[in-house]
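Novice: fold the following, please.
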Amino acid sequence: MHIAVAGNIGSGKTSLTELLAHHFGWEAHFEDVEDNPYLADFYEDMTRWSFNLQVYFLKSRFSSVQEIRNTGKTVIQDRTIYEDAYIFAPNLFDMGLMSRRDYDNYESLFEVMSNMVQPPDLLIYLRASIPTLVEQIQMRGRDYENNIRLDYLKRLNERYEAWIDKYTKGKLLIIDANKIDFIKNKSDLSMIIDKVNAELNGLF
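Specialist: Residues are numbered from 1 along each chain as shown. This next block holds a predicted model:
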């Protein structure tokens, strides 16, 4: 089984992935951040590195989904292949940070790759406001994220909401990350665990 956690930068995807993997005994697959050769350069010069970054993520997540489906295990994944195509890449194009030529090329690559992978059995979406995202980004203190602009986060949030509103590829669980603290509060984590159990076991 394949469970995926989606959400904007700083929404808590990695933490929730870790906690759910530990609780259920699932294998966790995380977004390749520390070893990403383009990420720091991208935040310094988005126009120059946007296409390179998106292609790297597309390749990385395509490989992850193939690996997940071939393991025969239940795996929970930090971020999905769809977020790059429906949120990050079109946002970069609309902001003038990716050329039409590169964006069309990226879309063609995604179309081919997406037809070769299965969607997650359950998608968990962490909904978070801009203040919540900023607070959590500052708390984790990654140097390359210091230059992220508020308008960039806002645009991403709007695209996330539009994508989730039309998501029909499988089961969907929306968690409001503004009103809970599943890292420090065990009852909040238990609430999420109960909801995940209900979705996977078809209780509602």
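
Novice: in stretch 59-73, what counts as buried?
Specialist: Buried residues in stretch 59-73, defined by neighbour count with 16 or more other C-beta atoms under 10 Å: 60-62, 64-65, 68. (Each C-beta comes from the backbone N, C-alpha and C, glycine too.)

Novice: count residues in the vicinity of residue 202, would you?
Specialist: 7 (other C-beta atoms under 10 Å).

Novice: which of the buried residues of stretch 59-73 lies closest to residue 111?
Specialist: Nearest to residue 111 among the buried residues of stretch 59-73, counting by C-beta to C-beta, is residue 62 at 12.1 Å.

Novice: which residues touch the closest one?
Specialist: The contact partners of residue 62, by C-beta atoms under 8 Å, 6 or more residues apart in numbering, come to 81, 113, 116-117.

Novice: if we use 10 Å, what do you get?
Specialist: The contact partners of residue 62, by C-beta atoms under 10 Å, 6 or more residues apart in numbering, come to 81, 84, 109-110, 112-114, 116-117.

Novice: repeat that for residue 166.
Specialist: residue 86.

Novice: residue 66 contacts residue 117, correct?
Specialist: Yes: between residue 66 and residue 117 there is a contact under C-beta atoms under 10 Å: 6.6 Å.

Novice: could you say which helix or strand contains residue 3?
Specialist: Element membership for residue 3, per DSSP states H and E: strand 2-7.

Novice: give me the next element, helix or strand, following that strand.
Specialist: helix 13-24.

Novice: got a list of contacts for the helix or strand that comes right after that next one?
Specialist: Next helix or strand after helix 13-24 toward the C-terminus (DSSP H and E): strand 27-29. With contact meaning C-beta under 10 Å, 6+ apart, strand 27-29 is reached by 2-5, 14, 17-22, 61, 64-65, 67-68, 71, 73-79.

Novice: the same query, at a cut-off of 8 Å, please.
Specialist: With C-beta under 8 Å, 6+ apart, strand 27-29 has contacts from 17-18, 21, 64, 67-68, 71, 73-78.

Novice: next one: stretch 42-59
Specialist: The contact list for stretch 42-59 (C-beta under 8 Å, 6+ apart) reads 36-39, 41, 81, 84-85, 88-89, 92, 95-99, 102-103, 105-106, 109-110, 113, 144-145, 147-148.
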